[in-house]
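A.B. asks: Sequence and predicted structure are below.
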Amino acid sequence: MIKAVVTGAAGRMGGKIISLISTMENIEVVGAVEVAGHPIIGRNIGQGSGRKDIIVCHDLSACIDGADVVIDFTNHEASLNYLKVASRKNCASVIGSTGFTDAEMKEIKEMAQNVRCVLTPNMSVGVNVMLKVLEYCAGILKDDYDVEIIEAHHNLKKDAPSGTAMQMAKVLAAKLGRSVENDLLYCRRGMIGERTKKEIGIQTVRAGDIVGDHTVIFGGVGERLEFIHRAHNRDNFAKGAIRAAQWIVHQKNGLYDMQDVLGLRDHHEG
């Protein structure tokens with residue numbers, strides 16, 4: 001039985017993960033964490049799930065002992081602190097937060113030398129299959145097709161573009177020999193001139209309660225290819241996170257993503 005601690009227990013993702021795990025037989029929630037002062041602190045969320053002793057706390061250190069994995073969907077600053085605790089306790093981590101700075105990513109990579117961690121901006125199985133398809137298609141289409149990415153999310157999302165859109169851009173840029181720093185174009189306005197062959201456009205939409213839509217367009221002369229992933233609810237992200245948790249506890253120390261979890265990474269890839 002895999003024992004998991006879920007952070008952000010009162011959030012949309014945290015709550016969904018806890019709910020889904022309660023229906024499973026090979027994994028269970030043994031701890032839950034929320035920020036200090038949250039109304040859910042001290043509440044027993046174990047009732048009705050076969051357990052009576054899952055009390056939500058504000059300190060991961062207080063409930064991580066005996067756990068195999070921490071599943072974390074909070075924010076980049078909180079996730080970094082939770083990973084530090086997990087690293088000290090030799091506990092695996094699954095992180096779905098986005099918006100990490102370069103300095104934070106450097107710190108995470110250093111810690112991953114001593115802890116098992118899955119870090120990915122999108123836990124959806126479908127999105128990660130799409131990433132593999134995009135890489136494959138970019139290798140065939142090369143510079144003959146213009147590449148555009150359009151992402152849409154709910155009006156409460158704080159970062160833009162989405163971590164998933166950026167991951168798609170990085171995969172495409174790597175395959176096409178483009179620069180993430182110089183060739184991504186986030187806005188067009190006014191007399192911008194002709195589109196360059198190197199640019200990869202990324203456009204952002206924020207509206208209503210959109211869970212997450214990502215469209216990638218390969219535009220050629222006389223035709224275009226469009227790849228679309230639409231998340232109808234958060235179940236797919238939660239299921240992917242649980243799948244990652246079940247996988248990571250059996251791995252060696254290191255930093256992984258969903259391509260690793262799903263066995264989609266080629267052996268020659270880093």
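C.D. replies: Alright, I've got the coordinates. Numbering: from 1, shown residues only.
A.B. asks: pLDDT below threshold where in the protein?
C.D. replies: Low-confidence segments of the chain (pLDDT under 70): 47-52, 267-270.
A.B. asks: okay, now the domains of it?
C.D. replies: As given by automatic domain parsing, the domain ranges for the chain are 2-119+234-261, 125-231.
A.B. asks: how about K175, what does it touch?
C.D. replies: With contact set as C-beta atoms under 8 Å, 6 or more residues apart in numbering, K175 has these partners: E135, A138, G139. Heads up, the C-betas are built off the backbone N, CA and C, glycines and all.
A.B. asks: returning to what we had before: tell me the most buried of the domains of the chain?
C.D. replies: Greatest average neighbour count among the domains of the chain goes to domain 2-119+234-261 (a mean of 19), per mean count of other C-beta atoms under 10 Å.
A.B. asks: Next, the distance between the ends of it.
C.D. replies: For domain 2-119+234-261, the first-to-last residue distance is 16 Å (C-alpha to C-alpha, to the nearest Å).
A.B. asks: Same check on stretch 253-265?
C.D. replies: Taking C-alpha to C-alpha, stretch 253-265 runs 18 Å from one end to the other.
A.B. asks: Now Q251: closest residue in space, sequence neighbours ignored.
C.D. replies: R116 (5.2 Å; C-beta to C-beta, 6 or more residues apart in numbering).
A.B. asks: Could you report the distance from that neighbour to R88?
C.D. replies: Distance check for R116 against R88: by C-beta to C-beta, to the nearest Å, it reads 14 Å.
A.B. asks: can you check D144 too?
C.D. replies: For D144, the distance to R88 (C-beta to C-beta) stands at 51 Å.
A.B. asks: what's the answer for Y256, then?
C.D. replies: Per C-beta to C-beta, Y256 is found 20 Å from R88.
A.B. asks: repeat for G201
C.D. replies: Applying C-beta to C-beta to G201 and R88 gives a distance of 43 Å.
A.B. asks: The stretch 101-250 of the chain: strands as residue ranges?
C.D. replies: Ranges of strands in the stretch 101-250 of the chain, per DSSP state E, counting those that start in this stretch, are 116-119, 146-153, 184-185, 200-206, 212-219, 224-231.
A.B. asks: possible to save these as a markdown table with distance to A241?
C.D. replies: Output for the strands of the stretch 101-250 of the chain, formatted as a markdown table (distance: least, C-beta to C-beta, whole Å):
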| stretch | distance to A241 |
| --- | --- |
| strand 116-119 | 8 |
| strand 146-153 | 18 |
| strand 184-185 | 27 |
| strand 200-206 | 24 |
| strand 212-219 | 14 |
| strand 224-231 | 13 |
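A.B. asks: closest one to V69 among those strands?
C.D. replies: Closest approach to V69 among the strands of the stretch 101-250 of the chain (C-beta to C-beta): strand 116-119, 8.3 Å.
A.B. asks: contact partners of the closest one?
C.D. replies: Contacts for strand 116-119 (C-beta under 8 Å, 6+ apart): 83, 86, 92-95, 108, 111, 244-245, 247-249, 251-258, 260-261.
A.B. asks: again, but for stretch 182-191
C.D. replies: The contact list for stretch 182-191, computed with C-beta under 8 Å, 6+ apart, reads P161, A169, A173, K198, E199, I200, G201, I202, Q203, T204.
A.B. asks: What separates the first and last residues of stretch 171-181, distance-wise?
C.D. replies: Distance across stretch 171-181, first residue to last, is 13 Å (C-alpha to C-alpha).
A.B. asks: Where is the longest helix in the protein?
C.D. replies: Assignment by DSSP state H gives helix 125-141 as the longest helix of the chain.
A.B. asks: what helices or strands is that helix leaning on?
C.D. replies: helix 163-176, strand 212-219, strand 224-231, helix 235-248, helix 258-261 (3 or more C-beta pairs under 8 Å, 6 or more residues apart in numbering; DSSP states H and E).
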